[in-house]
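> model the structure of this input:
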Amino acid sequence: MSRILAIVGPTASGKTRRAVDVARALGGEILSGDSRQVYSGMDLGTGKDLEEYEEIPYHLIDVAPAGSKYNLYEFLRDAGEALDLIESKRKVPVVCGGTGLYVESLLKGMRLPEVPVNEPLRRSLEGKTLGELTEILAGMKNLHNTTDIDTAKRAVRAIEIQTYYGEHPESAEYVVAPVPLDSVIIGVDIDREARRRRITGRLDARLEAGMVEEVRGLLASGISPEDLMYYGLEYKFLTRYVIGELTKDEMRTGLEIAIHQFAKRQMTWFRGMERRGFKIHWLPYDMDRDGFTDECLRIYRKE
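This next block holds a predicted model:
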């Protein structure tokens, strides 16, 4: 398989445009590593910016219906198929995304078994608080991934997965000893103040473009408020606003704070990847387009 080039960075860092420029220069195709852009109809809230791709083919965007619960197992399965397809066309895979868990798991070569629903286990966990579920999960694994405990539903699913691994140790083979993929990672480096400024501007632009109307449409399509809030960030705050739990100002202020905190967690994950043995080549977010692309190509061909 062609060496993978991955471009990572926090939200609003401009990584999509960078990935498109590099894919064009390499004759490549984009493989999205974003956990929410997989959902169709969730466009403004997930910041798909599809117009930026222009003629460059992309994968793993709009591959699951809104309201469903796409997960890491499905991502690794679908990403593997996408990599095979890109390779069959003799193109270079350019992974782009801010979901550190997805990108790291893919590049690590991790594979996961499909874990079925365990109804008796779910019934036994009914009524437990998020704190109680977190304590149970902490007794089963190290909680590196805080998204496992964002909501009670996520925590129950994480407990379900860990329980399955305990009962089927052979299924965890590639989780314990994965074979890393041949890859080069470029990080879009943006300082805290610039990141905050761009996040605020981007949020205002998406609200102006109709992000509230997008959420209203998703609710009108039959997706329950609880299921929409499951996706967090924009969908959590905007849904609460639409159903009357928050005022417009409360929604706007709370959402902006949450996105800033999310971007900080993204950077924490990428720094953690470096500690876990991944080499990330950080390039300035405000580097000119040609210079950024040329440097990516130099690093990709040299490594």
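> helices along the stretch 1-150 of the chain, start to end?
Ranges of helices in the stretch 1-150 of the chain, per DSSP state H, counting those that start in this stretch, are 15-26, 72-88, 100-108, 119-125, 130-138.
> and the fourth one, what does it pack onto?
Contact partners of helix 119-125 among helices and strands, from 3 or more CB pairs under 8 Å, 6 or more residues apart in numbering; DSSP states H and E: helix 152-167. (C-beta placed from N, C-alpha, C; glycine too.)
> report the angle between the helix it packs on and helix 130-138.
Interaxial angle of helix 152-167 relative to helix 130-138 (axes from the mean of the first three to the mean of the last three CA atoms, to 10 degrees): 20 degrees.
> now mean pLDDT too, for the helices of the stretch 1-150 of the chain, in JSON lines please.
Below are the helices of the stretch 1-150 of the chain laid out as JSON lines (pLDDT from 0 to 100):
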{"stretch": "helix 15-26", "mean pLDDT": "97"}
{"stretch": "helix 72-88", "mean pLDDT": "93"}
{"stretch": "helix 100-108", "mean pLDDT": "95"}
{"stretch": "helix 119-125", "mean pLDDT": "96"}
{"stretch": "helix 130-138", "mean pLDDT": "93"}
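> dump those into a markdown table; add distance to Asp204 as well.
Below are these laid out as a markdown table (distance: least, CB to CB, whole Å):
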| stretch | distance to Asp204 |
| --- | --- |
| helix 15-26 | 19 |
| helix 72-88 | 30 |
| helix 100-108 | 26 |
| helix 119-125 | 40 |
| helix 130-138 | 32 |
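> mean neighbour count and distance to Trp269 added to these, as TSV?
Converted to TSV, the helices of the stretch 1-150 of the chain look like this (neighbours: other CB atoms under 10 Å; distance: least, CB to CB, whole Å):
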stretch	mean neighbour count	distance to Trp269
helix 15-26	22	14
helix 72-88	17	14
helix 100-108	22	3
helix 119-125	11	27
helix 130-138	16	18
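> nearest to Ile299, out of those?
Of all the helices of the stretch 1-150 of the chain, helix 15-26 sits nearest to Ile299, with 10.4 Å by CB to CB.
> may I have the closest one exported as CSV, CA atoms only?
Taking Å, rounded to 0.1, in the frame of the first residue of the first chain, the C-alpha atoms of helix 15-26 are listed here in CSV:
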residue,chain,number,x,y,z
LYS,A,15,-6.6,21.2,8.1
THR,A,16,-9.2,20.3,5.4
ARG,A,17,-7.9,22.9,3.0
ARG,A,18,-4.4,21.8,3.7
ALA,A,19,-5.3,18.1,3.1
VAL,A,20,-7.0,19.0,-0.2
ASP,A,21,-4.0,20.9,-1.4
VAL,A,22,-1.6,18.1,-0.5
ALA,A,23,-3.9,15.4,-2.1
ARG,A,24,-4.0,17.4,-5.3
ALA,A,25,-0.2,17.7,-5.4
LEU,A,26,0.3,14.0,-4.6
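> got a pLDDT number for Leu143?
On the pLDDT scale, Leu143 is placed at 74.
> got it, and the one 10 residues further on?
Predicted confidence (pLDDT) for Lys153: 85.
> then Leu246?
So Leu246 comes in at 97 (pLDDT).
> where does the stretch 101-250 of the chain have low pLDDT?
Low-confidence segments of the stretch 101-250 of the chain (pLDDT under 70): 144-148, 171-177.
> if you set the cut-off to 90 instead, what comes out?
110-116, 140-155, 157-158, 161-162, 164-179 (pLDDT under 90).
> ok, which stretches of this protein are strands?
4-8, 28-32, 39-40, 58-59, 64-65, 92-97, 183-189, 280-284 (DSSP state E).
> which one of the helices of the stretch 1-150 of the chain lies nearest to Ile186?
Across those, closest to Ile186 is helix 15-26 (CB to CB), at 7.7 Å.
> quick one: list the elements packing against the closest one.
Using 3+ CB pairs under 8 Å, 6+ apart, helix 15-26 sits against strand 4-8, strand 28-32, strand 92-97, strand 183-189, helix 289-302.
> what would the strands of the chain look like in CSV with distance to Pro116 and mean neighbour count?
Listed next are these as CSV, based on distance: least, CB to CB, whole Å; neighbours: other CB atoms under 10 Å:
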stretch, distance to Pro116, mean neighbour count
strand 4-8, 31, 26
strand 28-32, 27, 25
strand 39-40, 22, 18
strand 58-59, 26, 20
strand 64-65, 18, 16
strand 92-97, 27, 26
strand 183-189, 31, 22
strand 280-284, 36, 16
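> alright, I will stop here.
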